[in-house]
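Visitor: Provided below for reference: sequence and predicted model.
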Amino acid sequence: MDLAEIRNIIQTNRDKYINELIDLLKIPSVSADSQYKDSVFKAADYVRQKLEDAGVENTEICQTDGYPIVYGDKIQNPSWPTVLIYGHYDVQPADPLDLWDSPPFEPVIKNDKIYARGSADDKGQFYIHIKAFEILNQIGNIPCNMKFMIEGEEEVGSDNLEDFVKANRQKLAADVVLISDTSMLSNENPSITTGLKGLSYLQVEVTGANRDLHSGTFGGSVANPINTLCKMIASLKDENNHITIPGFYDKVIDLTNDERAAIARAPFDEEEFKKELGVNEVEGEKGYSTLERTGIRPTLDVNGMWGGYIGEGAKTVLPSKAYAKISMRLVPNQSSDEITKIFSDHFRKIAPKSVKVKVTPYHGGEPAVTSTQSVAYKAAEKAFETCWGKTPIPTRDGGSIPIVALFERELGVDSVLLGFGLNSDAIHSPNESFGIFNFLKGIETTVFFHHFLRSLTKK
């Protein structure tokens, strides 16, 4: 396969590829908010049409109990390797809207980036694969069997994906799952994610009196649920930022000194990290570096907290209820169900008798570690070496993609996490963006991934 030819095709079609992505980004496919229901379905239709336009066969909208899964394939030779490409067309809510520099669903190009909700997570990244297929189809050299499965519920826990996978094992059978929903260290130091954390996500509710009370008349005599909730949450970590829930670390396996040394070799500038985030100092579990805290250690964080009066001006109220959303990122051997249970039991146990506590699990997922010795990983490595001129660095990511463990369990195949995002893309935050360089370079790299997977498999 000729690198110059592929680059010429991408450059010739540059505006077409970008404009198609922009059209997709204009669709507010927010799966978490029912007011966007029609838009989520519209995004699914758009993805199916673009698969068909690219030359993918057997495209269909597969209905689930929630939002649909878009499927398509191109099967040429049973003896060739088969790649199942996974992505998601749903996006996170855009709130808070007032912190966006431009409307989240009116894409803007500036500083060689596309700014829009979903640009990096995951519309821009999965769209890379549709364009890579289109190029291979255009030059008449599709080296692998390819299957596409693009879902619409990843941002709300992929609740219906497991049932779909179990019911369609033969349809989805593959030699490897290819996913672009992660980030690289930098464009100067490309990397491939080889480990992901699991997730336990819950909401807690603390109730005091049976109604909101006048803070002058009742303050100091009955529990204030917000005060109580703050104390309870504060007790979940000690002075070393070590999580205090009994049993939380029981199944965590400490990495060896050699493994920790390998992580330390990854290029990382802590001063630049702090500067980019606008913080004066890093913070986390004592005894571990920033890369270890994000990649190999479990975490517990409050993602949202509310209660009482938050409107304009003053209202002297002692609230009846207080709430918080809490997520725990898990490492290999930790089970999301087990962690959810021990958190729930512990949180109820530490509540004073003056309040009532309710814990509502939302969704979870299992951690996953992928092999760096597989043929598919070697193909990704060679693709980076060809297109970027550098060997990618294997890294562990602090994010969660629960379906990686699902694919391993139900389909018996590993995944390759061929992500092209950057930490500066601000996914899940206002002003999310995706570099045009990364988008186009991702297409190029993916074309060569399929080329090398076939050639290495034949050997």
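Guide: In hand now; what should we look at?

Visitor: please count neighbours and contacts with C-alpha atoms only from this point.
Guide: Will do.

Visitor: what about stretch 176-195, average pLDDT?
Guide: Mean pLDDT, stretch 176-195: 95.

Visitor: under the pLDDT cut-off, which ranges of the stretch 351-459 of the chain? List them.
Guide: Applying pLDDT under 70 to the stretch 351-459 of the chain picks out residues 459.

Visitor: tell me where it has strands.
Guide: Per DSSP state E, counting those that start in this stretch, the stretch 351-459 of the chain carries strands over the ranges 356-365, 368-369, 393-396, 415-417, 421-422, 433-435.

Visitor: nearest to residue 105, of the ones you listed?
Guide: Shortest distance between residue 105 and the strands of the stretch 351-459 of the chain, using C-alpha to C-alpha, is found for strand 433-435: 11.7 Å.

Visitor: list the strands paired with that closest one, with their directions.
Guide: In the sheet, strand 433-435 lines up against strand 113-115 (antiparallel) (DSSP bridges).

Visitor: which parts of the stretch 351-459 of the chain are helices?
Guide: Applying DSSP state H, counting those that start in this stretch to the stretch 351-459 of the chain gives helices spanning 375-388, 403-411, 436-458.

Visitor: one more: the stretch 1-150 of the chain?
Guide: Using DSSP H, counting those that start in this stretch, helices in the stretch 1-150 of the chain cover 3-12, 14-25, 37-54, 124-138.

Visitor: any regions of this protein where pLDDT drops low?
Guide: Ranges of the chain meeting pLDDT under 70: 459.

Visitor: which helix or strand contains the most far-flung residue of it relative to its centre?
Guide: Distance from the centre of the chain peaks at residue 217, with 47.5 Å (C-alpha atoms, centre = their mean). If you go by DSSP states H and E, residue 217 is part of helix 215-218.

Visitor: then residue 229?
Guide: Element membership for residue 229, per DSSP H and E: helix 225-234.

Visitor: what do you get for residue 164?
Guide: Taking DSSP H and E as the definition, residue 164 sits inside helix 161-167.

Visitor: which elements pack onto that helix?
Guide: helix 403-411 (3 or more C-alpha pairs under 8 Å, 6 or more residues apart in numbering; DSSP states H and E).

Visitor: name the residues that touch the helix it packs on?
Guide: Residues from elsewhere that reach helix 403-411, judged by C-alpha atoms under 8 Å, 6 or more residues apart in numbering: 158, 162, 165-166, 169, 172-174, 177, 365-368, 413-415.

Visitor: repeat that with 10 Å
Guide: Taking contacts as C-alpha atoms under 10 Å, 6 or more residues apart in numbering, the residues outside helix 403-411 that touch it are 86, 154, 157-158, 161-162, 165-166, 168-170, 172-179, 195-196, 198, 365-370, 412-417.

Visitor: phi first, then psi, for residue 208.
Guide: Main-chain torsions, residue 208, degrees, to the nearest 10: phi -100, psi -110.

Visitor: list the contacts for the residue nearest to residue 394 when sequence neighbours are not counted?
Guide: Distance criterion C-alpha to C-alpha, 6 or more residues apart in numbering; nearest residue to residue 394, sequence neighbours excluded, is residue 192 at 5.0 Å. When contacts are counted by C-alpha under 10 Å, 6+ apart, residue 192 touches 182-185, 372, 377, 380-381, 384, 391-397, 416-420.

Visitor: and for residue 385?
Guide: Residue 385 sits next to 190, 379, 391, 392, 445 when contact means C-alpha under 10 Å, 6+ apart.

Visitor: next one: residue 221
Guide: residue 215.

Visitor: tell me the spacing between it and residue 213.
Guide: Distance from residue 221 to residue 213, counting by C-alpha to C-alpha, to the nearest Å: 11 Å.

Visitor: can you check residue 151 too?
Guide: For residue 151 relative to residue 213 (C-alpha to C-alpha), the value is 46 Å.

Visitor: higher neighbour count, the two?
Guide: Remark: of residue 151 and residue 213, residue 151 carries more neighbours, 23 against 17, as counted by other C-alpha atoms under 10 Å.

Visitor: surely the more buried one and residue 70 touch.
Guide: Yes: between residue 151 and residue 70 there is a contact at 6.2 Å, judged by C-alpha atoms under 10 Å.
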